[in-house]
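1. have a look at this prediction, sequence included:
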Amino acid sequence: MQLRADALETHLAKSLAPLYVITSDEHLLALEAADRIRRAARAKGYSEREVLVVERSFKWGTLLAANQSQSLFGDRKLIELRIPTGKPGKDGGQALQEYVGGLNPDNVTLITLPKLDWQTQKSAWVAALQQAGVYIDIPLVERAQLPGWIGARLAAQKQSADRQSIDFIADRVEGNLLAAHQELQKLALLHPEGKLSFDQVQDAVLNVARYDVFKLNEAMLSGDTARLVRMIEGLKGEGEALPLVLWAMADEIRTLLKIKSGTAQGKPLGMLLKEYRIWGPRERLMEPAVKRLRLSTLETALQEAAQIDKMIKGLRARAFAGDAWDALLHLGLKVARG
């Protein structure tokens, strides 16, 4: 059965399943979910714990043996299987299907995986895990959801803050949820329960954001220039590869240009979004961006991207003051401002 992470506590208070599967790239939330399962297992007498990590030399017979073996002291056992790559391979997939087909009633098994790609999600071994146990797929906390997450975490430690303070925290912890958790814990240690002032938050919270180059499109599409500046400066500070950043920005500009050209020819926007495989948060941002941006702006932006590519490769004189990072920022702001 599939279960939301926020429903896990209620589920564990009622029963303990023989198999749990956690899949997520949000390491903090995956760790917290696994800890809840471990605590529930200990409370119900599963006092022995065996941890198996699937590495290059891993033998799948080890997993099957762990399920069949009994504790020297007759204790019930928690078996943890960690698959860091999310790719057990052909032998592993078969072993997992065999394993869940014969779960030992004296054991509880916890399998942890990263977020699985769409092709892996359709595999037979994943289907077997979903049918045999409790399957918990924890999504990433996106930037738009981050203020709500921060507010809920503050409330859990009996603190609160106004929207300005929460947005300040969100800007400094974006893309780094584990560090965000640590910063909020710091506020709990430094200040008593109740409402935090902006000065208290500003003095305590460090800039620990980690930016994803593939989220630049969100800032450009939404016209959020402040976030765009933070992201490009952050990527520069982290030493991200310039060609990758340029590729991500140019690819989005190219898509915008195709959609804008299509709407100018009278094609429905919905049809164009489907044609170019745009969905989710990006789909919601695309329509206002297409309306805001002129065709000539996008054409000029794509030409600038080509010049920046030459600049990065050292094939031409610099077209902008500063370096290629300045040129990238100028390009991003052109699209964000329209």
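-> On my side now, so go ahead. Numbering: from 1, shown residues only.
2. adjacent strands (with direction) for the host helix or strand of residue 22?
-> According to DSSP states H and E, residue 22 maps onto strand 19-24. Here strand 19-24 is paired, per DSSP bridges, with strand 107-113 (parallel), strand 134-138 (parallel).
3. same list, those strands, but as JSON lines with mean neighbour count please.
-> Bear in mind the C-beta positions are built from the backbone N, C-alpha and C, glycine included. Listed next are the strands paired with strand 19-24 as JSON lines, based on neighbours: other C-beta atoms under 10 Å:
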{"stretch": "strand 107-113", "mean neighbour count": "23"}
{"stretch": "strand 134-138", "mean neighbour count": "21"}
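4. nearest to residue 265, of these?
-> Counting by C-beta to C-beta, residue 265 lies closest to strand 134-138 out of the strands paired with strand 19-24; the figure is 39.9 Å.
5. what does the helix or strand following that closest one contact?
-> Sequence-wise, the next helix or strand downstream of strand 134-138 (DSSP H and E) is helix 146-156. When contacts are defined by C-beta atoms under 8 Å, 6 or more residues apart in numbering, helix 146-156 is touched by residues 141, 160-161, 163, 166-167, 169-170, 173-174, 180-181, 184, 187, 196.
6. list the buried ones in helix 146-156?
-> Buried residues in helix 146-156, defined by neighbour count with 16 or more other C-beta atoms under 10 Å: 146-147, 149-151, 153-154.
7. just the strands in the protein please.
-> Per DSSP state E, the chain carries strands over the ranges 19-24, 48-53, 77-82, 107-113, 134-138, 159-161, 194-196.
8. closest to residue 223 out of those?
-> That would be strand 159-161 among the strands of the chain, by C-beta to C-beta, at 26.1 Å.
9. mind listing the strands that closest one pairs with, and their directions?
-> Strand 159-161 has the following strand partners under DSSP bridges: strand 194-196 (parallel).
10. the strand it pairs with: how far from the chain's middle?
-> When distances are taken as C-alpha atoms, centre = their mean, to the nearest Å, strand 194-196 is centred 29 Å away from the chain's centroid.
11. so what touches it?
-> 154, 158-162, 165, 187.
12. let's have the buried residues of helix 146-156 in a markdown table, adding distance to residue 245 and pLDDT.
-> Shown next, in a markdown table, are these (distance: C-beta to C-beta, whole Å; pLDDT from 0 to 100):
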| residue | distance to residue 245 | pLDDT |
| --- | --- | --- |
| 146 | 22 | 95 |
| 147 | 26 | 96 |
| 149 | 27 | 97 |
| 150 | 27 | 97 |
| 151 | 32 | 97 |
| 153 | 31 | 96 |
| 154 | 33 | 97 |
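13. for those, which one is nearest residue 278?
-> residue 146 (22.7 Å).
14. domains of this protein?
-> The record's domain parsing of the chain by automatic domain parsing lists 5-138, 143-204, 213-337.
15. the last one - what's its average pLDDT?
-> Meaning domain 213-337. The pLDDT scores in domain 213-337 average 89.
16. center of this structure, which residue is that?
-> With distances taken as C-alpha atoms, centre = their mean, residue 140 lies nearest the centre of the chain, 3.4 Å away.
17. might one say that that one is in contact with residue 27?
-> No: judged on C-beta atoms under 8 Å, residue 140 makes no contact with residue 27 at a distance of 10.4 Å.
18. wait, what's in contact with the residue nearest to residue 240 when sequence neighbours are not counted?
-> Sequence neighbours aside, residue 213 is the residue nearest to residue 240 in space, at 5.9 Å (criterion: C-beta to C-beta, 6 or more residues apart in numbering). Applying C-beta under 8 Å, 6+ apart, we find residue 213 in contact with 235, 240, 244-245, 248.
19. residues in contact with the residue nearest to the centre of the chain?
-> Residue 140 makes contact with 24-26, 115, according to C-beta under 8 Å, 6+ apart.
20. can you pick the most crowded of those?
-> residue 24 (21 neighbours; other C-beta atoms under 10 Å).
21. pull up the gap between that residue and residue 191, please.
-> Going from residue 24 to residue 191 by C-beta to C-beta, to the nearest Å gives 31 Å.
22. go on, residue 335?
-> Distance, residue 335 to residue 191, by C-beta to C-beta: 40 Å.
23. do residue 99 as well
-> 48 Å.
24. these two: which is more packed in?
-> Shown here are residue 99 and residue 191; by other C-beta under 10 Å, residue 99 has more neighbours (25 against 15).
25. check contacts around the more buried one.
-> 63-64, 67, 109.
26. ok, now residue 9?
-> Contacts of residue 9 (C-beta under 8 Å, 6+ apart): residue 36.
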